[in-house]
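Colleague: Structure, please.
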Amino acid sequence: MIIDCHGHYTTAPDELGDYRDAQKAALEQDPFAPGSKGLLGITDQQIQDSLENAQIKMQADRGTDLTIFSPRASWMEHHIGNENTSRWWTEHCNELIYRITELYPNNFSGVAQLPQSPGVSMDTSISELKRCIEEFGFIGCNLNPDPSGGFWTGPELGDRYFYPFYEVLCDLDVPAMIHVSAACNPNFHTTGSHYLGADTTAFMQMLTSNLLIDFPDIKFIIPHGGGAVPYHWGRFRGLVQAMTNKPPLEELVLNNVYFDTCVYHQPGIDLLLDVIPAENILFASELLGAVRGIDPDSGHYFDDTKRYIDASTKASDAAKALIFASNAQRVFSRLET
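Modeller: Alright, predicted model coming up:
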């Protein structure tokens, strides 16, 4: 079995975007308007049509079996509106993922978006996480380390603000993938600098705080190959070594932190496999994600990441088996395969 731990519903019917546009239009009239949840009006047939010639076709074409699936990350947009705006939007997005997992239980397992409106406690995120895990059978969540959309105005990941949420993550035994949303700061390109910079920033926040010490059973996945982390592993080792109250980097992070393979060229995958232990790498492609074109050098799609792992000489067959399935089954302990 080949498990892709990182996929997004980027092909949703137009009604989802229409709903979001209506939310934004209402907020222009009154930024504090509570709004109402309302209805999307999306049929099962529309959902099927949105997937059959996209994610499901690509699973078959690329030789993958199951995608761990979440709402479109760039559309989480926690910085937009108020607490109710995020709540209604998040509930609709998660309910679509649930419907997908019911329609295609062999193709998709759900991961929750959270309603992380800036300045609001994590209580609403805790409630939505529990709803998705306990009622919908989801197996994880996406945690935004910067709900402000590129301005980093909120608490860092090691802040006590997040601790009640982390307690629930551990109680439910589900991992959180670190994933920002769209950047509203014009200095940052969303899927380039903001995504990769946030992955690196989140990792450093784990090192400078007591998060991984206070929650020895917590599980985080840092996507996009870990941002700059594998490339600068020696830098991070040296920084942690200078922290007199911390164990060595490997001891500090490798029981809790995992990296996916959303890296879109062979040398990048080879570096990841060379630096990070195979036990801490999960196969992923972002299906469908940030880079969808064909690489003129290889003639294949940039995001067909299974090809890179298959071709790599940096991992044994046993290591590749861990990366393609066993690690995901271990990290996502609620995953039924």
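Colleague: quick one: the strands in the stretch 151-300 of the chain?
Modeller: 176-178, 220-222, 257-260, 281-282 (DSSP state E, counting those that start in this stretch).
Colleague: Put together a markdown table for the ones you listed, with mean neighbour count on each row.
Modeller: All C-beta atoms are positioned from the backbone trio N, CA, C, and that covers glycine. Below are the strands of the stretch 151-300 of the chain laid out as a markdown table (neighbours: other Cβ atoms under 10 Å):
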| stretch | mean neighbour count |
| --- | --- |
| strand 176-178 | 24 |
| strand 220-222 | 25 |
| strand 257-260 | 25 |
| strand 281-282 | 28 |
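Colleague: For the chain, just list every one of the helices.
Modeller: Under the criterion DSSP state H, the chain contains helices at 14-29, 44-52, 55-62, 83-103, 123-134, 163-172, 195-208, 211-214, 233-241, 249-253, 266-275, 305-311, 317-321, 327-331.
Colleague: which other residues reach the first one?
Modeller: What that stands for is helix 14-29. By Cβ atoms under 8 Å, 6 or more residues apart in numbering, the surrounding residues in contact with helix 14-29 are 33, 35, 38, 40-42, 46, 75, 77, 80-82, 85, 88-89, 92-93, 96.
Colleague: Just the buried residues of these.
Modeller: Using 16 or more other Cβ atoms under 10 Å as the burial test, the contacts of helix 14-29 include 35, 40, 42, 46, 75, 77, 80-82, 85, 88-89, 92-93, 96 as buried.
Colleague: right, and the pair among those residues with maximum separation?
Modeller: Across these, no pair lies farther apart than 46 and 82, at 29.1 Å, counting by Cβ to Cβ.
Colleague: now residue 167, nearest residue through space, not along the chain?
Modeller: residue 215 (7.9 Å; Cβ to Cβ, 6 or more residues apart in numbering).
Colleague: so what's residue 288 scoring on pLDDT?
Modeller: Note on residue 288: pLDDT of 86.
Colleague: Now do it against residue 113, distance only.
Modeller: Using Cβ to Cβ, to the nearest Å, residue 288 is found at 17 Å from residue 113.
Colleague: out of these two, which sits in the more crowded spot?
Modeller: residue 113 (32 against 17; other Cβ atoms under 10 Å).
Colleague: Might you report the residue contacts of the more buried one?
Modeller: Contacts for residue 113 (Cβ under 8 Å, 6+ apart) come out as 70-71, 76, 90, 93-94, 128, 141-142.
Colleague: Equivalent analysis for residue 37, please.
Modeller: Each residue near residue 37 by Cβ under 8 Å, 6+ apart is listed here: 88, 91-92.
Colleague: Could you export those to a markdown table, including columns for pLDDT and distance to residue 271?
Modeller: Listed next are these as a markdown table, based on pLDDT from 0 to 100; distance: Cβ to Cβ, whole Å:
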| residue | pLDDT | distance to residue 271 |
| --- | --- | --- |
| 88 | 97 | 42 |
| 91 | 98 | 40 |
| 92 | 98 | 39 |
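Colleague: Now render those as TSV, adding distance to residue 160.
Modeller: Rendered in TSV, the data for these read as follows (distance: Cβ to Cβ, whole Å):
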residue	distance to residue 160
88	28
91	27
92	31
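Colleague: now, which of those sits nearest residue 331?
Modeller: Among those, residue 91 lies closest to residue 331 (Cβ to Cβ), at 25.8 Å.
Colleague: Tally up the residues packed near the closest one, please.
Modeller: Look at residue 91: counted by other Cβ under 10 Å, it has 16 neighbours.
Colleague: How about residue 331?
Modeller: 21.
Colleague: again with residue 26
Modeller: Neighbours of residue 26 under the rule other Cβ under 10 Å: 16.
Colleague: switch to numbering from 37
Modeller: Yes, from this point I'll number from 37; that puts the last item at residue 62.
Colleague: any idea how far residue 331 is from it?
Modeller: Distance of residue 62 to residue 331, given as Cβ to Cβ: 42 Å.
Colleague: residues in contact with the residue nearest to residue 203?
Modeller: Residue 251 makes contact with 202-203, 205-206, 292 under the criterion Cβ under 8 Å, 6+ apart.
Colleague: Mind picking the one among the contacts of residue 73 that's closest to residue 184?
Modeller: Of all those, residue 184 sits closest to residue 124, with 20.0 Å by Cβ to Cβ.
Colleague: can I assume that closest one is in contact with residue 70?
Modeller: No. Between residue 124 and residue 70 there is no contact, the gap being 9.4 Å when judged by Cβ atoms under 8 Å.
Colleague: Contacts only, for residue 169.
Modeller: With the criterion set at Cβ under 8 Å, 6+ apart, residue 169 makes contact with 148, 175, 208, 210, 370.
Colleague: And the first one, how far from residue 178?
Modeller: When distance is defined by Cβ to Cβ, residue 148 is 7 Å away from residue 178.
Colleague: quick one, which of those two is more surrounded?
Modeller: Set residue 148 next to residue 178 and count neighbours by other Cβ under 10 Å: residue 148 wins out with 28 against 23.
Colleague: pretty sure that one contacts residue 112?
Modeller: No. The pair residue 148 / residue 112 is not scored as a contact, 10.9 Å apart, by Cβ under 8 Å.
Colleague: Which residues are in contact with each of these two?
Modeller: Residues touching both residue 148 and residue 112 (Cβ under 8 Å, 6+ apart): residue 178.
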